[in-house]
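**Q** Show me the folded form of this:
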Amino acid sequence: MTNIVDFKAKSHLSAEAQLNAFIEWAKETLPKGIPNLVHDSIRWEARSWHSHGVRNCAFTVWKSTRNTSTEMLPPFVDFAKAMTVYRRVYLTKTSARTWIDPIKALEVALVEVSGTRDVTQVSAAVCNRACEHMKNHWTNGDTAYRCSKALEAIITLMREKQLLKSAFRWTSPLKVKTRGTLKQQKADRKHKLPSPEAIKALGEIFNNDLTSPLD
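**A** Alright, predicted model coming up:
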């Protein structure tokens, strides 16, 4: 890790030039994580880095499955890979998926809102649309909320590295799902239990000497 330096944005460059420089930085940095973080078999062009030491890292589109796998399209896919290098190799974070999932939601939202895969055109409206996809996809638990908070970190990094044509600050509109008060949680658990009469009847069934098939 001592030979890996952070990407430094140059103020005189446009967002497009900053993005290209960031991607080139990532391409040069990717092999420098070897052998501690990734395998020497890893290649920038691969559609998945999962088997090369970057677990749960497939550059496929939102809602892709093993049976219906569709690869991200350029130029967005190079941005996704560069962000993965930044998180996994430079920041040495174990889970690549923490950023991969929100990046996939960001891609589909970017196309819907702006009609392009030019990530320098990401805006607050694009991020809000990405959160809608997360909320509709993960209806249970706090996965959507946690994914949206990861998107916040991604946008912050993009702003710091000057990868946005119009810099903006954004906070996720998604909220943590509350579990209610202790009294409400106790009432909910009680509601899920069978009635005392049902429990008593069940016990009597096992205690009785049942001889008839009707029993």
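**Q** Show me where this protein dips below the pLDDT cut-off.
**A** 1-2, 179-193, 195-215 (pLDDT under 70).
**Q** run the last query once more with 50
**A** 1 (pLDDT under 50).
**Q** And the helices in it?
**A** Ranges of helices in the chain, per DSSP state H, are 15-29, 76-85, 97-114, 124-137, 143-160, 182-192, 196-207.
**Q** Using a markdown table, lay out those helices together with distance to residue 43.
**A** From N, CA and C alone the C-beta is placed, and that goes for glycine too. Formatted as a markdown table, the helices of the chain follow (distance: least, C-beta to C-beta, whole Å):
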| stretch | distance to residue 43 |
| --- | --- |
| helix 15-29 | 10 |
| helix 76-85 | 11 |
| helix 97-114 | 18 |
| helix 124-137 | 28 |
| helix 143-160 | 24 |
| helix 182-192 | 50 |
| helix 196-207 | 61 |
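**Q** which one of the ones you listed has the most crowded surroundings?
**A** Neighbour counts (mean count of other C-beta atoms under 10 Å) averaged over each of the helices of the chain peak at helix 76-85, with a mean of 23.
**Q** next one: it to chain centre, how far?
**A** 13 Å (C-alpha atoms, centre = their mean, to the nearest Å).
**Q** what's the angle from that helix to helix 143-160?
**A** 90 degrees (axes from the mean of the first three to the mean of the last three C-alpha atoms, to 10 degrees).
**Q** what comes into contact with helix 76-85?
**A** 19, 22-23, 25-27, 29-30, 44, 49, 54, 57, 59, 71-72, 96, 99-100, 103-104, 107, 110, 117, 119, 154, 157 (C-beta atoms under 8 Å, 6 or more residues apart in numbering).
**Q** Quickly note the distance from the residue nearest to residue 155 when sequence neighbours are not counted to residue 49.
**A** Nearest residue to residue 155 in three dimensions, chain neighbours excluded: residue 170, at 5.2 Å (C-beta to C-beta, 6 or more residues apart in numbering). Counting by C-beta to C-beta, to the nearest Å, the gap from residue 170 to residue 49 is 28 Å.
**Q** ok, now residue 166?
**A** Applying C-beta to C-beta to residue 166 and residue 49 gives a distance of 31 Å.
**Q** what about these two, which has more around it?
**A** Comparing residue 166 with residue 49 by neighbour count (other C-beta atoms under 10 Å), the higher total belongs to residue 49, at 26 against 10.
**Q** Now do the contacts for the more buried one.
**A** Contacts for residue 49 (C-beta under 8 Å, 6+ apart) come out as 38, 42, 57-59, 84, 96.
**Q** For residue 162, see how far away the spatially most central residue of the chain is.
**A** In the chain, the residue lying closest to the centroid (C-alpha atoms, centre = their mean) is residue 101, at 2.6 Å. If you measure residue 101 against residue 162 using C-beta to C-beta, the figure is 25 Å.
**Q** Same check on residue 78?
**A** Per C-beta to C-beta, residue 78 is found 17 Å from residue 162.
**Q** same thing with residue 123?
**A** Relative to residue 162, residue 123 is positioned 15 Å away (C-beta to C-beta).
**Q** Same check on residue 111?
**A** Residue 111 is 23 Å from residue 162, by C-beta to C-beta.
**Q** same question, residue 68
**A** On the measure of C-beta to C-beta, residue 68 and residue 162 end up 36 Å apart.
**Q** Cool, thanks, signing off.
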